[in-house]
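A.B. asks: Mind looking at a prediction? Sequence and model below.
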Amino acid sequence: MKLENKKLIVKRSYKEVYKCDEGIVKIFEKDHPKADVFNEALNTARVEATGLDIPKIKEVSEVDGKWALLIEYKNGTTLEEMMESDKENLQKYMEDFVKLQLEVHSKKSPRLNKLKDKLASQINGLKDLDATTRYELMTRLESMPKHDKLCHGDFNPSNVIYGKNGKMTIVDWAHATQGNAGADAAMTYLLFALKDQKKADLYMKIYCKESDTARQYVEQWLPIVAAAQLAKENELEKEFLMKWIDVVDYQ
């Protein structure tokens with residue numbers, strides 16, 4: 001790939017994302033697991049096969065000794081930016097956002113990793129929770145219905161590109177799995193709540209209405225997905241997430 005005209009658009013602790021002539025390039029730090037890079041590429045390819053119109057994976061390569069992914073570029077503005085700059089139309093944007101998520105959940109990709117297995121691994125690996133809490137979380141996880149719907153895993157407005165023609169495209173499929181849509185919705189709710197509780201409540205209201213899902217059902221997933229998010233070890237989120245990991249009343 002040619003990176004002479006690259007432009008930095010996102011910077012994280014473990015990666016930098018550039019716009020170049022050939023598309024979007026994600027360049028990961030040298031200590032980032034090679035398996036995670038290839039898994040993201042594989043996830044993206046498998047989601048492509050569902051028929052969803054997403055940015056296609058074009059290349060996996062090394063750049064200056066670092067693993068890199070070249071992904072198709074989709075022109076537009078993130079839905080997060082749209083929601084902030086045009087607050088009067090927040091309701092409409094949120095409705096469109098939910099419809100897009102439901103389209104994802106209508107798909108299946110049987111070769112993706114299972115969400116339940118991923119959540120179980122994250123919960124069992126948590127050092128911030130005592131054995132009793134981990135046991136109760138695992139018990140709750142085991143009791144939840146087993147589904148095989150396509151789940152994004154990080155579905156939030158910053159991962160939705162709003163094109164000039166009004167068409168929306170979902171990016172960043174690194175966390176894609178197959179599993180229960182309620183868990184995916186619970187994660188989206190938490191991601192909203194970390195930044196804006198009012199948006200989180202609006203999302204929950206619209207999601208439950210459009211999907212004909214009881215709010216209580218999505219809420220049953222909240223301690224589980226909060227624990228999964230806690231596994232990312234973001235100190236700024238820790239206090240907030242710990243409040244959701246309350247399974248004392250679990251029956």
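C.D. replies: Arrived safely, thanks for sending.

A.B. asks: Okay, helices next: where are they in the stretch 51-200 of the chain?
C.D. replies: Defined through DSSP state H, counting those that start in this stretch, the helices belonging to the stretch 51-200 of the chain, from first to last, are 79-85, 90-105, 115-124, 131-143, 181-193, 197-211.

A.B. asks: Just name the most buried of those helices.
C.D. replies: Ranked by mean neighbour count, the helices of the stretch 51-200 of the chain are led by helix 181-193 with a mean of 24 (mean count of other Cβ atoms under 10 Å). The C-beta positions use only the backbone N, C-alpha and C, and glycine is treated the same way.

A.B. asks: Pull the distance from stretch 170-178 to the chain's centre.
C.D. replies: 6 Å (Cα atoms, centre = their mean, to the nearest Å).

A.B. asks: can you list contacts of it?
C.D. replies: Contacts of stretch 170-178 with the rest of the structure, by Cβ atoms under 8 Å, 6 or more residues apart in numbering, involve 36, 39-40, 43-44, 46-47, 52, 54-55, 71, 74, 100, 104, 108-110, 112-115, 118, 148-155, 159-161.

A.B. asks: ok, now which ones touch the residue nearest the centre of the chain?
C.D. replies: What sits nearest the mean C-alpha location of the chain, by Cα atoms, centre = their mean, is residue 154, with 0.8 Å. Contacts were defined as Cβ under 8 Å, 6+ apart; by that measure residue 154 touches 172, 174-175, 187, 191.

A.B. asks: run the last query once more with 10 Å
C.D. replies: For residue 154, the set of contacting residues under the criterion of Cβ atoms under 10 Å, 6 or more residues apart in numbering consists of 170-176, 184, 187-188, 191, 229.

A.B. asks: swap in residue 105?
C.D. replies: With contact set as Cβ under 10 Å, 6+ apart, residue 105 has these partners: 147, 149-152, 155, 180-182, 184-185, 211.

A.B. asks: can I get the helices of the stretch 51-200 of the chain in TSV with mean pLDDT?
C.D. replies: TSV is the format used below for these (pLDDT from 0 to 100):
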stretch	mean pLDDT
helix 79-85	96
helix 90-105	98
helix 115-124	96
helix 131-143	94
helix 181-193	97
helix 197-211	98
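
A.B. asks: And the pLDDT for the nearest residue to residue 30 once chain neighbours are set aside?
C.D. replies: For residue 30, the nearest residue in space outside its immediate sequence neighbours is residue 66; the separation is 5.6 Å by Cβ to Cβ, 6 or more residues apart in numbering. Predicted confidence (pLDDT) for residue 66: 96.
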